[in-house]
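# I'll drop the sequence and a predicted model, then ask my questions.
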Amino acid sequence: EGLVDDPEFGAAHPYEADAQKRAQRALETLQRSIAAELNKASFVIDLSVTTGDAAKAARIANAIANTYIQTRVEMNTGVLRQATTDLSAQLASLEKTVEDGDRAIQAYKAEHNLVDVGGRPPVEQQITETSTEISRISASIAESEALIAELALARSNPERLRVTPDASLTPAIIELRTRYHTAQEQQSVLQASFGDRHPSLLNAKARTRAVGALLDRQLKDFSTSLSRNGERLKSQRALLNKNLATLKASLNEADQSMVRLRELERKLASDRAVYESFLLRTRQL
């Protein structure tokens, strides 16, 4: 805004030849000219700047607001860009897995001269249903493990929670996430306005640490709950796999090719479900 060389700010009498000192003087004068107050009934902040020129005061006030908004946008964009990059790196591999699975099914059908027909034997129907349930449980386990990994990263860097959907978190974690980010923002504002040893800043840091500790405890408890549920699902999947093996053993030799085809189709369905989940998440980000 050119305040370094403004006679009302950096270039005030007596004139200082050193540009760095003029900049410091301009900043100090600007800080005394700014007033900001939070309307406790809303999320609106009343900001005013007082100078000898109304147009200049309005210009500076707008510049402060625009800078604050741009900083917030850049913070969120950086987190989102990193998350999108991580997901995109896995997306290509998952897409290739789906394509390879589809080609394997078509090649298997051609090799064994197989076609999809209705009226399948009861045992084969049971195999299909069991395989479908195994796929569903496997997808749930994969989703749970992915969320546990994301929560582990969030415990070391709560900023990653900004890109975690609310549907994946508990209400308590959502509330603490909001409180933590609010505390961080207040701390940043105080850090920019006061010295490192100012009581208000020290209190803000203490609040941030306290909320962060509560958030970390909730994340840990939620991860433990997900892990226990994952073990239960793995036990259930193991039992279904055992039942599936029994069903396969009851088929005669002529049905083995159809069973193998169903296995390939089940794997393809599972791979496609994972791929579509990653694709949807990338589009959301």
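Noted; the coordinates are in hand. Numbering: from 1, shown residues only.

# Contact partners for E8?
Residues in contact with E8 (CB atoms under 8 Å, 6 or more residues apart in numbering) are 29, 51-53, 56. Just so you know, the C-beta spots here come from the backbone N, C-alpha and C atoms, and that holds for glycine as well.

# of those residues, closest to I127?
K56 (78.8 Å; CB to CB).

# So which of the contacts of E8 is surrounded by the most neighbours?
Highest neighbour count within the contacts of E8: T51, with 19 neighbours (other CB atoms under 10 Å).

# R32 is in contact with that residue, correct?
No - T51 is not in contact with R32 according to CB atoms under 8 Å; the separation is 10.8 Å.

# Enumerate the positions of stretch 181-198 that are buried.
For stretch 181-198, burial by neighbour count (16 or more other CB atoms under 10 Å) applies to 181, 183-184, 186-187, 189-190.

# actually stretch 136-143, not the one I wrote
Using 16+ other CB under 10 Å as the test for burial, stretch 136-143 gives 136-138, 141, 143.

# Also stretch 92-105?
For stretch 92-105, burial by neighbour count (16+ other CB under 10 Å) applies to 94, 97-98, 101, 105.

# First-to-last residue distance for stretch 161-179?
The first and final residues of stretch 161-179 sit 12 Å from each other (CA to CA, to the nearest Å).

# Low-confidence regions, the stretch 1-150 of the chain specifically.
Within the stretch 1-150 of the chain, the ranges that satisfy pLDDT under 70 run 112-123.

# Need the buried residues of stretch 181-198 in TSV (columns: secondary structure).
As requested, the buried residues of stretch 181-198 are exported to TSV (DSSP: H, G, I helix; E, B strand; the rest coil):
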residue	secondary structure
H181	helix
A183	helix
Q184	helix
Q186	helix
Q187	helix
V189	helix
L190	helix
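
# Closest to N66 out of those residues?
For the buried residues of stretch 181-198, the minimum distance to N66 (CB to CB) is 16.0 Å, reached by V189.

# Contacts only, for L38.
L38 touches 44-46, counting by CB under 8 Å, 6+ apart.

# And those residues, which of them are buried?
Here, 16+ other CB under 10 Å leaves nothing buried among these.

# of all these, which comes closest to I64?
When the contacts of L38 are compared against I64 (criterion: CB to CB), the nearest one is I45, at 10.3 Å.

# still on that earlier bit, just checking, which of the buried residues of stretch 136-143 belong to helices?
Mapping the buried residues of stretch 136-143 onto helices (DSSP state H) picks out 136-138, 141, 143.

# Please list the members of the contacts of L38 that lie in strands.
Judged by DSSP state E, the subset of the contacts of L38 located in strands is 45-46.

# Take the buried residues of stretch 181-198 and write them to JSON lines, including distance to K267 and pLDDT.
Formatted as JSON lines, the buried residues of stretch 181-198 follow (distance: CB to CB, whole Å; pLDDT from 0 to 100):
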{"residue": "H181", "distance to K267": "41", "pLDDT": "83"}
{"residue": "A183", "distance to K267": "47", "pLDDT": "84"}
{"residue": "Q184", "distance to K267": "44", "pLDDT": "79"}
{"residue": "Q186", "distance to K267": "51", "pLDDT": "82"}
{"residue": "Q187", "distance to K267": "50", "pLDDT": "79"}
{"residue": "V189", "distance to K267": "53", "pLDDT": "81"}
{"residue": "L190", "distance to K267": "55", "pLDDT": "81"}
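
# List just the nearest of the ones in helices among the buried residues of stretch 136-143 to Q20.
Among those, E143 lies closest to Q20 (CB to CB), at 55.0 Å.

# mind checking how far L30 is from I60?
Separation of L30 from I60 (CB to CB, to the nearest Å): 7 Å.

# in the stretch 101-250 of the chain, which spans are strands?
Taking DSSP state E, counting those that start in this stretch, the stretch 101-250 of the chain contains no strands at all.
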